[in-house]
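Visitor: With the sequence up front, the predicted model follows.
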Amino acid sequence: MSGRARRGGARPHAAASAGDVPDVLASSLRVVFCGINPGRVSAAAAAHFANPRNDFWRLLADAGFTPRLYAPEEQFALLELGIGLTNAAYRTTLGSGDLRAADFDRNRLERLVAEHAPRAVAFVGKEAYRGPFRERPELGPQERTIEDVGLFVLPSTSPANAAVPYAERLHWFEALRDWLDPVDRPAVRALVLDALDNVLLVKFVDSVGQVWWATPGGGGAEGESPEQTLRRELREELGLTEFELGPELWWREHTFAWAGRILRALERIFLVRVQEHEPSPTIDLAAEHVHDVRWWSLDELEATAEVLVPVRLPVLVRDLLTNGPWPEPIDAGV
């Protein structure tokens, strides 16, 4: 299993929105809280969650996201803490029940997330999530992601949600805080080349249809050496058992959301040379979200519009074929 590659991010800045309340955004934030839309009090203050009866700012402090209780007018100071703010819909209404389906622009939200590449988006209320995605979520982490970005649903902090006790709302804010800390996942992967210098890649398709191609391999089991892990993974994914393990070429560290978790992949990528091989997996690859395995020529890799992991794979392969391995493994990037 492999994390997708982010497609870059914008320089840090606070972004102005088209509505009455500005987005509070920068690149590579830890989390962006996404409310449903501005109410009249927030619009008048040009600040998120400005209604004094809204528990959002108190919950941020009590859950440890902020070192003290912040006021809505201090919203841009959240950027220094790795926190951003936006809304699922920009139009101001008296209540969220006045919103129409057309007020939710999923494409805008996905562009915003792709541009700024936060670790996660936390939707403040189920309706803030349901509006753009047209599906009913449960509270907590979601299977759906936006590229590498994880999605989490919190209870609404609005006074209209007073039936949910404060303690329960705090529980979910604390769960989000803990969930944002990545789980380290050491992995070993292989650049498999045949006699014609073709590259063997596996195709991943996640639960919402996002697609990418990556080198075969995966996470290590308890007590395995890197070579043991790689031999097991290549046997399972490719049916490849007879090979000599070549030098370690590259390393890669990448944080991404997968199956409702935030993972930090710590990958080591080795060279494996074979004369030829017809992939014949020995496990059900669909259960691993793998939907295809095939050989690629370098020309095909350089010309493809498919998402490759790492993104620089064609450049790295051409450098390897031209100059041979580096004396020490190099960073392959995302």
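Guide: Everything's here; your move.

Visitor: I'd guessed A46 sits against G19; true?
Guide: No - if you go by Cβ atoms under 8 Å, A46 and G19 don't touch, sitting 9.7 Å apart. (Glycine included, C-beta is placed from N, CA and C.)

Visitor: Of these two, which one has the most company?
Guide: Under the neighbour definition other Cβ atoms under 10 Å, A46 and G19 were set side by side, and G19 has more, 18 against 15.

Visitor: how about the closest residue in space to that one that isn't next to it in sequence, secondary structure?
Guide: Of all residues not flanking G19 in the chain, Y90 sits nearest, at 3.2 Å (Cβ to Cβ, 6 or more residues apart in numbering). Under the three-state scheme (DSSP: H, G, I helix; E, B strand; the rest coil), Y90 adopts coil.

Visitor: my read: Y90 touches P22, true?
Guide: No - look at Y90 against P22 with Cβ under 8 Å: they stay out of range, at 10.2 Å.

Visitor: re earlier: okay, the residue nearest to G19 and R130: tell me how far apart.
Guide: Note on Y90: its distance to R130, by Cβ to Cβ, to the nearest Å, is 17 Å.

Visitor: Pull up the gap between the residue sitting nearest the centre point of the chain and L200, please.
Guide: In the chain, the C-alpha closest to the average C-alpha coordinate belongs to D148, at a distance of 2.0 Å (Cα atoms, centre = their mean). Per Cβ to Cβ, D148 is found 24 Å from L200.

Visitor: Let me know the next secondary structure element after the helix or strand harbouring R268.
Guide: Assigned by DSSP states H and E, R268 belongs to strand 261-273. Per DSSP H and E, the first helix or strand lying C-terminal to strand 261-273 is strand 290-296.

Visitor: centre of the chain versus that following strand, how much separation?
Guide: Distance, stretch centre to chain centre, for strand 290-296: 23 Å (Cα atoms, centre = their mean, to the nearest Å).

Visitor: Which strands border that strand, and is each parallel or antiparallel?
Guide: Strand 290-296 pairs in its sheet with strand 199-205 (antiparallel), by DSSP bridges.

Visitor: What angle do strand 261-273 and the partner strand make with each other?
Guide: 160 degrees (axes from the mean of the first three to the mean of the last three Cα atoms, to 10 degrees).

Visitor: Pull the CA coordinates from strand 199-205 and hand them back as CSV.
Guide: Only the C-alpha atoms of strand 199-205 are listed here, as CSV (Å, rounded to 0.1, in the frame of the first residue of the first chain):
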residue,chain,number,x,y,z
VAL,A,199,9.4,-0.9,-14.7
LEU,A,200,6.8,-3.0,-12.9
LEU,A,201,4.1,-1.0,-11.1
VAL,A,202,0.9,-1.7,-9.2
LYS,A,203,-2.3,0.3,-9.6
PHE,A,204,-4.1,1.5,-6.5
VAL,A,205,-7.8,2.6,-6.5
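
Visitor: Would you double-check that T229 falls in a strand?
Guide: No - with three-state DSSP as the criterion, T229 is located in helix rather than a strand.

Visitor: The chain should start at 20 in everything you say after this.
Guide: In the new count, where the first residue is 20, that last one comes out as T248.

Visitor: pLDDT score for it?
Guide: pLDDT for T248: 96.

Visitor: So what does the nearest residue to it once chain neighbours are set aside look like in phi/psi?
Guide: Residue nearest to T248 in three dimensions, not counting chain neighbours: G239, with 4.1 Å by Cβ to Cβ, 6+ apart. The phi/psi pair for G239 (degrees, to the nearest 10) reads phi -80, psi 150.

Visitor: cool, and E193?
Guide: phi -70, psi -40.

Visitor: repeat for N106
Guide: Dihedral angles of N106 (phi, psi; degrees, to the nearest 10) stand at phi -130, psi 150.

Visitor: Wait, it touches N56, no?
Guide: Yes - the pair formed by N106 and N56 meets the contact definition of Cβ under 8 Å, at 5.2 Å.

Visitor: Just the mean pLDDT for the strand holding R287, thanks.
Guide: Per-residue scores along strand 280-292 average to 96.

Visitor: Could you give me the buried positions within it?
Guide: The neighbour-count check on strand 280-292 (16 or more other Cβ atoms under 10 Å) flags I281, L282, A284, E286, R287, I288, F289, L290, V291 as buried.

Visitor: what stretches of the stretch 20-169 of the chain score poorly on pLDDT?
Guide: 20-37 (pLDDT under 70).

Visitor: Could I get the full set of helices for it?
Guide: For the stretch 20-169 of the chain, the helices defined by DSSP state H, counting those that start in this stretch cover 59-64, 75-81, 125-135, 145-152.
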